[in-house]
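Student: sequence and predicted structure below; questions after.
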Amino acid sequence: MKFEVVLENEILRLLPLKLIHFEELYTIASDKEIWEQHPQNDRWKREVFEIYFNSAIESNSAFLIVTQNNNQIIGCTRYYEFNEIEKSIAIGYTFLAKKFWGGFINSSLKKLMINYAFGFVNKIYFHVGAQNIRSQKAIEKLGALLIKTEVTPLLGKPDKINLIYCLNNSKI
C-alpha cells in the first residue's frame with residue numbers, strides 16, 4: 001500500500017504530511033475543545049502536539065486535510081497498523097477544526113480513505129477513546145461495528161480505554 005499519494009474527492013484533498021505543515025496545524029490543534037473527549041486531552045499544548053505531529057511524520061502515512069474549494073488546511077489524519085498478512089489497516093489520529101464538525105466533512109474524509117484502503121485490504125479498524133462520543137457516532141454512521149474494548153496502560157496517567165471498530169470490505 002502506498003502512502004505517499006494525494007487522495008481527493010470533490011470536497012477534500014489529502015496531501016502527505018510534511019514538516020512545513022506544523023505551524024498551520026498547530027494553530028488548529030491549539031483549540032482545547034478539539035481534544036476534550038480525547039484520551040490525551042492535553043494535546044492542545046504545543047509540547048504535547050509536537051509529539052503527536054512528529055509521530056505522524058515518522059509514520060509516513062499521515063495526511064494534511066485541505067478543502068478543495070478554497071485550499072484551506074482543516075486538520076490531519078493517518079493510516080496505521082498496516083497488516084499485510086491479515087490484509088488490514090487502521091484509520092485514525094484524526095482531528096478537524098471545530099467549524100468542520102457535525103457536517104459532511106468527516107464522513108467525506110473517511111469514505112475517501114476507506115475507498116483507497118479497500119484497494120489493498122479487506123478490513124479497516126478504528127480505535128476510538130471510550131469517552132469520545134462524537135467519534136464513536138461518526139464511525140458507527142460509516143457502518144463499522146464495535147468488536148472489542150482495549151485497555152492500554154499509560155505511564156503516569158489513568159489507563160486509556162479504546163473501543164475497537166471494524167469495517168469489512170463488503171460493507172461499502
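Tutor: That came in fine, so what should we check first? Numbers count the residues shown, from 1 in each chain.

Student: got the buried residues for stretch 69-76?
Tutor: Buried residues in stretch 69-76, counted by 16 or more other CB atoms under 10 Å: Ile73, Ile74, Gly75, Cys76. Just so you know, the C-beta spots here come from the backbone N, C-alpha and C atoms, and that holds for glycine as well.

Student: low-confidence stretches in the chain?
Tutor: 154-156, 170-172 (pLDDT under 70).

Student: how about a cut-off of 50?
Tutor: For the chain, applying pLDDT under 50 flags the ranges 171-172.

Student: quick one: the strands in it?
Tutor: Here the chain has its strands, by DSSP state E, at 7-8, 12-16, 62-67, 73-83, 88-96, 123-129, 145-154, 157-168.

Student: identify whichever of the ones you listed lies nearest to Ala29.
Tutor: Evaluated over the strands of the chain, closeness to Ala29 peaks at strand 88-96, with 6.3 Å, by CB to CB.

Student: quick one: contacts of that closest one?
Tutor: For strand 88-96, contacts defined as CB atoms under 8 Å, 6 or more residues apart in numbering pick out 1, 28-29, 34-35, 52, 56, 62, 65, 74-83, 105-106, 109-110, 113-114, 117, 120-128.

Student: try stretch 65-78
Tutor: So stretch 65-78 is contacted by 8-15, 17, 21, 24-25, 28, 56, 59, 61-64, 91-97, 100, 105, 109, 113 (CB under 8 Å, 6+ apart).

Student: now a PyMOL select for only the buried ones of the residues you listed.
Tutor: Burial among the contacts of stretch 65-78 is assessed by 16+ other CB under 10 Å; the matching PyMOL selection reads:
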select buried, resi 12+13+14+15+17+21+25+28+56+61+62+63+64+91+92+93+94+95+96+97+100+105+109+113
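
Student: hang on, the earlier thing: for the buried residues of stretch 69-76, which one is nearest Arg134?
Tutor: Gly75 (13.7 Å).

Student: distance check, that closest one against Thr67.
Tutor: 10 Å (CB to CB, to the nearest Å).

Student: same deal with Ala144?
Tutor: With CB to CB as the criterion, Ala144 and Thr67 are 25 Å apart.

Student: those two: who's more crowded?
Tutor: Ala144 (23 against 14; other CB atoms under 10 Å).

Student: touching, the more buried one and Tyr165? I think so.
Tutor: Yes: counting by CB atoms under 8 Å, Ala144 touches Tyr165, with 3.9 Å between them.

Student: filter the contacts of strand 88-96 down to the buried ones and hand me the ChimeraX line.
Tutor: Buried subset of the contacts of strand 88-96, written as a ChimeraX selection, criterion 16+ other CB under 10 Å:
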select :28,29,34,35,52,56,62,65,74,75,76,77,78,79,80,82,105,106,109,110,113,114,117,121,123,124,125,126,127,128
